[in-house]
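K.L.:
structural data only, the sequence is not supplied:
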């Protein structure tokens, strides 16, 4: 007997395979607007000023109904309730998933088994707030008695991407401290940061739950050496804090318990910017802005937990992705924020989505049987228009795009902002409308082009159109709306995990490379690979690396 979930997937496949009543193919968008002037009103939703518009996708009323049936058949609402109740929805690691607890108000009652997660969160937040007040108020000073003006966060992955993205989006010159982020183990990253920092005025946060992450600890050692050279060993300790649960290792590194801020294993790294991992944000932006960031996320949490599926923004965004990935077979998605302050948002979403949804087996270990997470890439507009947008407009495979617009800027240059918005709106319209052969011919004839020139260029100037976009409009970009936006995508990831039947909260795929790197490192130190341990290519590359002589005058160690 066919199960409800199988029938729901079959219904979506049936819609894709069948022509529409008007004869247009199921991936066409342009005819939908011609037939329905009110399409925008019916396919857009709002929450606390944030607008999601899915009208420029090929989703019809029939398709949306089938997608909502899929959500019900997958028990999306039941799985959502299980996550909120603190059940071990991260089944492979037997962990709860409670990043919503990080931004919930006092007494919210989030629990992880017998543990009062809400109480734990509030205790850490209170310590963070007191620490920020001491640093920003000048009561906690550096080793030479000077106030801290800069905060350097050393972390990688979720301990770097989320906070770095939010700091780029929200920092202004009137903020209490200047934020800096060091993630890549490539020491060129540190060398680029170092000249702009004064060790006497720099507070360093080392973000690693286990305090053993290879890249983070290598960078921590470099930076600690820089501090010690200027301030002495004891002086360096006064400039260090840790975001970690390994108090034994942090103590051995010279960090006292009052400067260690923990976070729990029911918070995945890519969902952790709201936790102690966000301390760099609280220090740099000020506690009020950090609290507003949490408040914005909390409003999206409340909406996600309570809104009906048909009006639920994260659910609808996830269903649009299912339609594109599984219905129409589109393997990638672009994220195009038309705001320079969101320049790091695509990178953050790459981790949130691709690390969560790049899975080939279901939660019970069976092959998943359909495509899961698409490739996510992006760049701020209008830069993207002059790099990869050619492929989106005229490439062989459509690439859905999220176009993120901010209605009001925080600068006085109104004309520049109108041009920015005009470009974002125009790209979405151009991707949907395209340009037909008849339109190209008429345009060239009106410009006086010769008939043979028209025929020569005609195929090159046709745009197929019907390229889907989801528009997200923020009234302005501030801490509250950024919190909404990031939480929207976090909940979208949960929904997709439920719909595809995969665990969106483990990441075993990152482990193999770490294990092999640990084995290769001593061979690089020895200058040669061990015979028969690696494949021929890896051995050959290691031998070639060993043959290259150090460049004279370049520091090592």
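P.N.:
Perfect, thanks for sending it. The shown structure was predicted, so the numbers you read here are calculated from the model rather than taken from an experiment.

K.L.:
is it true that residue 359 touches residue 373?
P.N.:
Yes: Residue 359 is within contact range of residue 373, at 7.2 Å (criterion: C-beta atoms under 8 Å). Heads up, the C-betas are built off the backbone N, CA and C, glycines and all.

K.L.:
quick one: average confidence on the longest helix seen in the chain?
P.N.:
Ranked by residue count and defined by DSSP state H, the top helix of the chain is helix 479-500. Mean per-residue pLDDT for helix 479-500: 98.

K.L.:
for it, buried residues please.
P.N.:
The neighbour-count check on helix 479-500 (16 or more other C-beta atoms under 10 Å) flags 479-500 as buried.

K.L.:
can you check stretch 204-217 too?
P.N.:
Under the neighbour-count criterion of 16+ other C-beta under 10 Å, stretch 204-217 has 204-209, 211, 213, 215-217 buried.

K.L.:
quick one: residues in contact with it.
P.N.:
151-156, 159-160, 183-185, 220, 223-224, 227, 239-246, 249-250, 253, 255, 263, 265, 269, 277, 279-280, 514, 517-518 (C-beta atoms under 8 Å, 6 or more residues apart in numbering).

K.L.:
chain center to it, what's the gap?
P.N.:
Shown here is stretch 204-217, whose average C-alpha point lies 21 Å from the average C-alpha point of the whole chain (C-alpha atoms, centre = their mean, to the nearest Å).

K.L.:
next one: stretch 172-190
P.N.:
Using C-alpha atoms, centre = their mean, the offset of stretch 172-190 from its chain centre is 18 Å.

K.L.:
quote the end-to-end distance of it.
P.N.:
Distance between the two ends of stretch 172-190: 23 Å, counting by C-alpha to C-alpha, to the nearest Å.

K.L.:
for that stretch, what is the average pLDDT?
P.N.:
The predicted model gives stretch 172-190 an average pLDDT of 97.

K.L.:
who's in contact with it?
P.N.:
Judged by C-beta under 8 Å, 6+ apart, the contacts made with stretch 172-190 from elsewhere in the structure are 135-136, 148-157, 160-161, 163-164, 167, 171, 193, 196-197, 203, 214-215, 218-219, 222-223, 280-281, 283-286, 289, 410.

K.L.:
strands of the stretch 151-300 of the chain, start to end?
P.N.:
Counting by DSSP state E, counting those that start in this stretch, the stretch 151-300 of the chain has strands at residues 178-182, 202-207, 240-243, 260-261.

K.L.:
SS state for residue 406?
P.N.:
Applying DSSP: H, G, I helix; E, B strand; the rest coil to residue 406 yields a three-state assignment of strand.

K.L.:
and residue 320, how close does it get to residue 296?
P.N.:
Distance, residue 320 to residue 296, using C-beta to C-beta, to the nearest Å: 22 Å.

K.L.:
sorry, wrong one. I was asking about residue 440.
P.N.:
45 Å.

K.L.:
helices and strands around the worst-scoring helix or strand of the chain on mean pLDDT, which ones?
P.N.:
The element with the least model confidence among the helices and strands of the chain, by mean pLDDT, DSSP states H and E, is helix 511-526, at a mean of 88. Counting contacts by 3 or more C-beta pairs under 8 Å, 6 or more residues apart in numbering; DSSP states H and E, the secondary-structure elements packed against helix 511-526 are helix 214-231, helix 536-547.

K.L.:
including mean pLDDT, could the ones you listed go into TSV?
P.N.:
Listed next are the helices and strands packed on helix 511-526 as TSV, based on pLDDT from 0 to 100:
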stretch	mean pLDDT
helix 214-231	97
helix 536-547	91
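
K.L.:
format the ones you listed as JSON lines; extra columns: distance to residue 530.
P.N.:
Formatted as JSON lines, those follow (distance: least, C-beta to C-beta, whole Å):
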{"stretch": "helix 214-231", "distance to residue 530": "20"}
{"stretch": "helix 536-547", "distance to residue 530": "9"}
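
K.L.:
closest to residue 307 out of these?
P.N.:
Taking C-beta to C-beta, helix 214-231 is the member of these nearest to residue 307, at 38.3 Å.

K.L.:
so what's the residue nearest in space to the middle of the chain up against?
P.N.:
Compute the mean C-alpha point of the chain, and by C-alpha atoms, centre = their mean the closest residue is residue 349, 1.9 Å away. Residue 349 sits next to 335, 376, 378, 489 when contact means C-beta under 8 Å, 6+ apart.

K.L.:
what's opposite the third one in the beta bridge?
P.N.:
Counting by DSSP bridges, residue 378 forms beta bridges with residue 335.

K.L.:
buried subset of the contacts of stretch 204-217?
P.N.:
Looks like the contacts of stretch 204-217 have 151-156, 159-160, 183, 185, 220, 223-224, 227, 239-246, 249-250, 253, 255, 263, 269, 277, 279-280 buried, using 16+ other C-beta under 10 Å.

K.L.:
one step back: show me the contacts of stretch 172-190 that map onto helices.
P.N.:
Short answer: the contacts of stretch 172-190 in helices (DSSP H) are 135-136, 161, 163-164, 167, 193, 214-215, 218-219, 222-223, 280-281, 283-285, 289.

K.L.:
which of those are buried, as a ChimeraX select command?
P.N.:
Remark: buried members of the ones in helices among the contacts of stretch 172-190, expressed as a ChimeraX selection using 16+ other C-beta under 10 Å:
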select :135,136,161,163,164,167,193,215,219,222,223,280,281,283,284,285,289
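
K.L.:
need the strands of the stretch 151-300 of the chain in CSV with distance to residue 302, can you?
P.N.:
Listed next are the strands of the stretch 151-300 of the chain as CSV, based on distance: least, C-beta to C-beta, whole Å:
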stretch, distance to residue 302
strand 178-182, 29
strand 202-207, 28
strand 240-243, 27
strand 260-261, 26
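
K.L.:
for residue 546, which of these is the nearest?
P.N.:
For residue 546, the closest of those is strand 178-182, at 28.2 Å, according to C-beta to C-beta.

K.L.:
partner strands of the closest one, with direction?
P.N.:
Strand pairing for strand 178-182, determined by DSSP bridges: strand 150-154 (parallel).

K.L.:
tell me the most packed of the contacts of residue 349, by neighbour count.
P.N.:
Neighbours here mean other C-beta atoms under 10 Å. Within those, the largest count is held by residue 335, at 24 neighbours.

K.L.:
how near is it to residue 455?
P.N.:
Going from residue 335 to residue 455 by C-beta to C-beta gives 38 Å.

K.L.:
what does residue 150 give?
P.N.:
Here the criterion is C-beta to C-beta. By it, residue 150 lies 62 Å from residue 455.

K.L.:
ditto for residue 98
P.N.:
When distance is defined by C-beta to C-beta, residue 98 is 63 Å away from residue 455.

K.L.:
so which of those two has more stuff around it?
P.N.:
The neighbour count for residue 98 versus residue 455, taken as other C-beta under 10 Å, is higher for residue 98 (26 against 12).
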